[in-house]
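Novice: Let's see this in three dimensions:
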Amino acid sequence: MKNKRVIFLNGPMGAGKTTVGRLIQRSLAGCAFIDGDWCMDLEPFVGNSETRAMAADNILHMLAGYNNCSHCRGVVVAWLMDRPEICRALEEGAAKIGLETAWFTLLCTEEALGARWRGDTLCPWRTEENLKVSVRSLEAFSRLPGVPVDTSGMTAEQVRDHILKHLSD
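Specialist: A predicted model of the protein is given here:
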């Protein structure tokens, strides 16, 4: 029996991870979706090594549950995984569960990120201060594990199709 696969979508805030992840989920039968932000949803928000490790543990717990579900054929995880140790913990944890992994890092130009950011009027995190943080993180994300996908000038559907094509090659 073929192992189930988890598709990790990484990238800076505003790169399109959640939108693309949901589109991939809808395109693959029996696919689950995990939004990593839900796995550390604290009020007020605290983003430090303790809460990141907690979120990674929560993601791995959910992956184990989906792996044991006969109706689930794969999982998409969308989360800002900006630390190599978090990527490593998720990769190793998924392997222990028996999941195959595929990593994609969504990147874009500063201009494209700014345009998407300003177009998302629903997300409370889309402040100018957070945009500056996200722009500063672009270079660091380009060095993290995963197939880099430059989403500049692409629709979310085109990014989904690009990732699905890469997975089928």
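Novice: Show me what counts as buried in the helix or strand encompassing Ala55.
Specialist: Assigned by DSSP states H and E, Ala55 belongs to helix 49-68. Residues of helix 49-68 classed as buried by neighbour count (16 or more other CB atoms under 10 Å): 52, 55-56, 58-60, 62-64, 66-67. For every residue, glycine as well, the C-beta is placed using N, CA and C.
Novice: In these, which has the lowest confidence score?
Specialist: Least confident entry in these, by pLDDT: Arg52, with 92.
Novice: got a list of what that one touches?
Specialist: 40, 83, 86 (CB atoms under 8 Å, 6 or more residues apart in numbering).
Novice: rerun at 10 Å
Specialist: By CB atoms under 10 Å, 6 or more residues apart in numbering, the contact set of Arg52 is 36, 39-40, 46, 79-83, 85-86, 89.
Novice: among the residues you listed, which are in helices?
Specialist: 85-86, 89 (DSSP state H).
Novice: Looking at those, spot the one nearest Gly30.
Specialist: Ala89 (25.8 Å; CB to CB).
Novice: Let me see the confidence value for the closest one.
Specialist: Looking at Ala89, the pLDDT reads 95.
Novice: nearest residue to it other than its sequence neighbours?
Specialist: Excluding the flanking residues, the one nearest Ala89 by CB to CB, 6 or more residues apart in numbering is Ala56, at 5.0 Å.
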